[in-house]
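J.: Need a 3D model of the sequence below.
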Amino acid sequence: MNIDFIGSMPFENDLIENKIIPIFMFILGLGIFIIWITDILRGKFNGQGNFFKWREGENMLWPHFFAEFITGGLLIIGAAGLFFIIEWSQNISLVGLGALIYSSINSSGWVLAEKIRIYYGIPMWIGLTGSIIAVIWLII
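T.: As a prediction, the model looks like this:
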């Protein structure tokens, strides 16, 4: 089905909504899991006791960890739903993308506080930009 985006260039809605956005979301969700699992396996939190005692600076890490994994899971589930054109997929996708937008903006302060963290920031900001575009596309 072709639609016109604000009366200008024609876009293939099915291609964008059911292929490009889901692939983007899947990559982001998987990336969230990979970054956290890599940090854990590399021993970033060794010596801090059990999982519920892990800290980064003065903050407890487990609530952030759960929020990131829920976001990643929502992105992957929403991506699968959009890809296979399941009725509930747009709602789950919007929640996952919204969580990613919040997380990307919130975590930017952490990245900007120490320039060595920029390698976390670049994919976050790409994800932020793409998520905003995807949300707008899914709503319109």
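J.: contacts and neighbour counts: CA atoms only from here.
T.: Noted.
J.: And Ile34, how close does it get to Tyr119?
T.: 14 Å (CA to CA, to the nearest Å).
J.: Same check on Ala113?
T.: Taking CA to CA as the measure, Ala113 falls 13 Å from Tyr119.
J.: give the contact list for the residue most central in space within the chain.
T.: Nearest residue to the geometric centre of the chain (CA atoms, centre = their mean): Leu100, 4.1 Å. Applying CA atoms under 8 Å, 6 or more residues apart in numbering, we find Leu100 in contact with 71, 127-128, 131.
J.: Which positions in the helix or strand containing it come out as buried?
T.: Using DSSP states H and E, Leu100 sits in helix 89-113. By neighbour count on 16 or more other CA atoms under 10 Å, the buried set for helix 89-113 is 89-90, 92-101, 103-104, 107-108, 111.
J.: Same question for stretch 36-52.
T.: Result for stretch 36-52 [16+ other CA under 10 Å]: buried residues Phe45.
J.: Can you list the neighbours in contact with it?
T.: Contacting residues not belonging to stretch 36-52 are listed as 54-55, 60-62, 65 [CA under 8 Å, 6+ apart].
J.: can we see that at 7 Å?
T.: Stretch 36-52 is contacted by residues 54, 62 when judged by CA atoms under 7 Å, 6 or more residues apart in numbering.
J.: One more: stretch 112-121?
T.: For stretch 112-121, the surrounding residues in contact (CA under 7 Å, 6+ apart) are 108, 111.
J.: what's the span of that stretch from first residue to last?
T.: OK, stretch 112-121 end separation, CA to CA: 8 Å.
J.: Please, where are all the helices along the protein?
T.: 13-15, 21-41, 62-83, 89-113, 118-139 (DSSP state H).
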